[in-house]
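Visitor: Sequence and predicted structure, then a few things I'm wondering about:
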Amino acid sequence: MDAVDALNEIAFWLERELAPSFKVQAFRKAAASMGKLAPEDVAARARDGRLKSMKGIGARTFEVIRQAIDGEVPEYLAKLRERSAAPLAEGGAELHRALRGDLHSHSNWSDGGSPIEEMVDAARWLGREYLALTDHSPNLKVANGLSAERLKQQLDVVAGINDDDGGSFRLLTGIEVDILESGELDQDPALLDRLDVVVSSVHSKLRADRATMTRRMLGGIRDPHTNVLGHCTGRLVKGSRGTRPQSEFDAERVFAACAEHDVAVEINSRPERQDPPDELIQLALEAGCLFSIDSDAHAPGQLDFLQYGAERAARNGVPPERIINTWPLPELLDWCAP
């Protein structure tokens, strides 16, 4: 098999199982180095030993490359495929199959770990019809949030990717925009007008009192640009960042506003978030809300986290027709338009 494909697939499966980033990056960097060489050059360097001295090539990645150019499925990849054969979640398989796309993902333009093109390749490989690129907004400096100028540049990159695709897949323009303390959205409204999808989220002062947080969230929901309310409680239930309790807010008022203003409540599929908790999914259902099951992926392999969100949505009885990323793309875009 192709050595670059083998390296990237190994990285994908490692990302999917939340392996340490240094391990993932060893394979991503090796793939990037190999991608600059013609296949016959890779083979020649592997056979005469020059490949071992190339920057970014270690013992494990060299072994993978050598086995791939010898016509084998590398042993390390075969073991990962076997380990990853089982689904990530026990339930929700039917709903997972109904999901056409993903409306929340990040690239290395903000705090994601991979280029946009690698995120697109993985989404295609997983059978998605569309993926929204939703890098962070400028207020979130710790995540390298996009200024208006950088977001404009990204729009040109997205347009180029879609022009080259041939129509089988669509990369949607988007943003995960901060809901500021004032309730305003952290980006130029004229620029938000140009985007396909706007996910609005709170990322700061998550321990504010109930009334303050409710006012802030209602401001973001009422902005006509908002399509999806992202990870509404901000909680963390496990993972390398530790745990964090959920924010306090008037959920009945917030979800009533989502239903009134046609804003979908995100079921965030990241295993460390599992946000919102089940009792709030039930409240949002009763309020008549729509939902979006999103991966919040920061790496290609994490795009498969949709399985976790589908399992939680199915367990809570969320009807597929109320999940906006089960909709065909034209219907979704019509609904998202300001």
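Guide: Great, that's in hand.
Visitor: okay, now the domains of the chain?
Guide: For the chain, the structural domains run 3-83, 93-336, going by automatic domain parsing.
Visitor: Let me know which of those domains is tucked in deepest.
Guide: The highest average neighbour count among those, using mean count of other CB atoms under 10 Å, belongs to domain 93-336 at a mean of 20. Every residue, glycine included, has its C-beta placed from N, CA and C.
Visitor: What ranges does the stretch 101-250 of the chain have for its strands?
Guide: Taking DSSP state E, counting those that start in this stretch, the strands of the stretch 101-250 of the chain run over residues 101-102, 130-133, 170-178, 197-201, 228-229.
Visitor: Remind me what the helix or strand following the last one packs against, helices and strands.
Guide: The helix or strand immediately downstream of strand 228-229 is helix 251-260, counting by DSSP states H and E. Packed against helix 251-260 by the contact rule (3 or more CB pairs under 8 Å, 6 or more residues apart in numbering; DSSP states H and E) you find helix 210-222, strand 264-268, helix 278-286.
Visitor: can I get those in JSON lines with mean pLDDT and distance to Ser204?
Guide: Below are the helices and strands packed on helix 251-260 laid out as JSON lines (pLDDT from 0 to 100; distance: least, CB to CB, whole Å):
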{"stretch": "helix 210-222", "mean pLDDT": "98", "distance to Ser204": "10"}
{"stretch": "strand 264-268", "mean pLDDT": "98", "distance to Ser204": "17"}
{"stretch": "helix 278-286", "mean pLDDT": "98", "distance to Ser204": "21"}
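Visitor: now those in JSON lines, with distance to Leu99?
Guide: Below are these laid out as JSON lines (distance: least, CB to CB, whole Å):
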{"stretch": "helix 210-222", "distance to Leu99": "24"}
{"stretch": "strand 264-268", "distance to Leu99": "11"}
{"stretch": "helix 278-286", "distance to Leu99": "16"}
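Visitor: Where is the longest helix in the chain?
Guide: Longest helix in the chain by number of residues, with DSSP state H as the criterion: helix 148-165.
Visitor: when you compare where that one runs with where strand 170-178 runs, what's the angle?
Guide: Comparing the axes of helix 148-165 and strand 170-178 via axes from the mean of the first three to the mean of the last three CA atoms, to 10 degrees yields an angle of 160 degrees.
Visitor: mind starting the numbering at 27 from now?
Guide: Fine by me, first position is 27 from now on; the one you just mentioned is helix 174-191.
Visitor: How about exporting helix 174-191 as CSV, limited to the C-alpha atoms?
Guide: C-alpha atoms of helix 174-191 as CSV (Å, rounded to 0.1, in the frame of the first residue of the first chain):
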residue,chain,number,x,y,z
ALA,A,174,-11.5,39.0,10.7
GLU,A,175,-8.6,39.1,8.2
ARG,A,176,-7.5,35.6,8.9
LEU,A,177,-11.1,34.3,8.6
LYS,A,178,-11.4,36.1,5.2
GLN,A,179,-8.2,34.3,4.1
GLN,A,180,-9.7,31.0,5.3
LEU,A,181,-12.8,31.6,3.2
ASP,A,182,-10.6,31.7,0.1
VAL,A,183,-9.0,28.4,1.1
VAL,A,184,-12.4,26.7,1.6
ALA,A,185,-13.6,28.0,-1.8
GLY,A,186,-10.5,26.5,-3.5
ILE,A,187,-11.1,23.1,-1.8
ASN,A,188,-14.7,23.1,-2.9
ASP,A,189,-13.7,24.1,-6.5
ASP,A,190,-11.4,21.1,-6.7
ASP,A,191,-13.8,18.5,-5.2
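Visitor: tell me the mean pLDDT for that helix?
Guide: Here helix 174-191 scores 94 as its mean pLDDT.
Visitor: That one: how far from the chain's middle?
Guide: Distance, stretch centre to chain centre, for helix 174-191: 17 Å (CA atoms, centre = their mean, to the nearest Å).
Visitor: Could you do stretch 303-313 as well?
Guide: Once both centres are worked out by CA atoms, centre = their mean, stretch 303-313 turns out to sit 23 Å from its chain's centre.
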